[in-house]
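Asker: Prediction below, plus the sequence it came from.
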Amino acid sequence: MRRFFIEEIKERGNTCIISGAEAKHITRVLRMGRRDRFILMDGKGARFQAVIDSAGRQEVLVTLEKPLPAPPHSPVDITLCQSLLKSRPMDFVIQKTSELGVDHIFPFSSERTVTRLDDNRSANRVRHWREIARSATKQSDRVTPAEIVPLSSLMNLTGQWKKKDALKVILWEEEDSKDLKGLLRASSPAKHFIGIVGPEGGFSREEVEIVNEAGFISVSMGRRILRAETAAITMVAIVQYEWGDLSLNEK
Ligand code: SAH
C-alpha cells in the first residue's frame with residue numbers, strides 16, 4: 001500500500017483532510033480517487049489505514065479506517081557523522097542510510113573537506129537532505145525520518161557525546177589493528193552507536209588522534225579503500241546486521 005506523510009493528522013470524527021503537496025501528489029501525480037486506500041503517517045509515529053472519500057485538486061478527504069501499529073524500533077540507535085561530500089554522493093548517503101534505519105545524521109566539515117558551504121547554502125542543503133530522508137522514510141516504511149542536524153565541524157562534534165551506553169568509532173582506512181566487525185562482536189550490544197566517516201580525501205592522522213582522545217575508537221573495514229559513501233552505507237548496514245534489525249528476529 002502507498003504511504004503518505006502529513007505534518008499532523010487532525011482527526012474530525014474518523015475523517016481527515018489532506019492538503020498541499022501531498023494532496024497534489026495523490027490526485028494529480030498518482031491519479032488516485034474515491035475508494036483508493038493508503039497508509040497515512042505523521043512522521044511522529046501515528047499511522048492509519050485511510051480510504052479516499054473525495055479527491056479534489058486542493059484537498060483530499062479521507063476516512064481513517066483503523067490505526068496501524070508502528071513497526072518496532074531497532075534495538076540500536078545509530079548516529080552517522082558524515083564529512084560533507086559532493087552533492088550527489090552526500091544525497092546518496094542520506095537516502096541509503098535512511099533506508100537502513102540510521103537515526104541521526106550529523107554532517108560536518110573537516111581538514112580535507114572539498115565542498116564548502118556558506119550559511120545560506122548550508123541551510124538550503126539541510127532542507128534538501130531532510131526532504132530526501134523523508135522520502136526514504138516513506139519508501140522504506142520507517143516511522144520517523146532520520147534527524148538531519150545542521151552542518152558542524154569535526155572538532156565541535158566529537159565533544160558532545162558523553163553517553164555511557166554508546167559505542168563510538170571513527171572509520172579510518174589506515175587503522176591496522178582493529179576492525180569494525182571484530183569490535184562489534186567483542187562488545188556487548190550498546191544502545192547507541194556513533195560512527196564518523198571521512199570526506200573523499202580521508203582524515204589526517206592528527207584529526208584521527210584528536211577524535212581518539214574524545215573516546216572514539218579507530219576501526220578499519222578491511223584492506224580495500226572504499227569511497228566515503230560506500231563506507232558510510234556499509235557501516236550502517238553492518239551495525240544493523242550485528243546489533244540491530246536487519247533480520248526478522250529482533251532482540
Ligand atoms: N584517504 C583515502 C580515501 C579516503 S576514503 C585516499 O584518498 O586514499 C573516505 C572515508 O571512507 C575515509 O575517511 C574513511 O572514513 C572511510 N573508509 C574508506 N575505506 C575504509 C576502510 N577500508 N576502513 C575504514 N574506513 C574506510
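Answerer: Everything's here; your move.

Asker: Alongside the ligand, which residues does this protein contribute?
Answerer: 171-173, 197-198, 201-203, 220-222, 224-226, 228, 231 (Cβ under 6 Å from any ligand atom). C-beta: built from backbone N, CA, C; applies to glycine.

Asker: Under the pLDDT cut-off, which ranges of the stretch 101-250 of the chain? List them.
Answerer: Counting by pLDDT under 70, the stretch 101-250 of the chain has low-confidence residues at 250.

Asker: For the residues of the chain next to the ligand, which entry has the maximal number of neighbours?
Answerer: Val197 (28 neighbours; other Cβ atoms under 10 Å).

Asker: from memory that one sits against Ser83, does it?
Answerer: Yes. In this structure Val197 lies within contact range of Ser83 using Cβ atoms under 8 Å: 6.6 Å.

Asker: List the strands paired with the helix or strand that contains Thr79, with their directions.
Answerer: Thr79 is part of strand 77-83, with elements assigned from DSSP states H and E. Strand 77-83 has its sheet partners listed here by DSSP bridges as strand 104-109 (parallel), strand 192-197 (parallel).

Asker: Give the next helix or strand downstream of the last one.
Answerer: The reference is to strand 192-197. helix 205-213.

Asker: Can you name every helix or strand that that following helix contacts?
Answerer: helix 154-158, strand 166-171, strand 217-219 (3 or more Cβ pairs under 8 Å, 6 or more residues apart in numbering; DSSP states H and E).

Asker: So which of the ones you listed is the most surrounded?
Answerer: Highest mean neighbour count among the helices and strands packed on helix 205-213 (mean count of other Cβ atoms under 10 Å): strand 166-171, with a mean of 21.

Asker: Between strand 77-83 and it, find me the angle.
Answerer: With axes from the mean of the first three to the mean of the last three Cα atoms, to 10 degrees defining the directions, strand 166-171 sits at 30 degrees from strand 77-83.

Asker: Now the element after strand 166-171, going C-ward?
Answerer: That would be, after strand 166-171 and using DSSP H and E, helix 180-186.

Asker: What is that next one packed up against?
Answerer: strand 166-171, strand 217-219, helix 228-243.

Asker: Show me which residues of it are buried.
Answerer: 180, 183-184 (16 or more other Cβ atoms under 10 Å).

Asker: what about Arg57, helix or strand, and which?
Answerer: Counting by DSSP H and E, Arg57 is part of no helix or strand.

Asker: starting at the chain centroid, how far to stretch 216-236?
Answerer: 17 Å (Cα atoms, centre = their mean, to the nearest Å).

Asker: An error on my part: the question was meant for stretch 92-101.
Answerer: 5 Å.

Asker: For it, give me every contacting residue.
Answerer: Defining contact as Cβ atoms under 8 Å, 6 or more residues apart in numbering, one finds that stretch 92-101 is touched by 74, 78, 80, 82, 85, 105, 129, 132-133, 135-137, 139-140, 142, 145-146, 148, 228-229, 232-233, 236-237, 240, 244-246.
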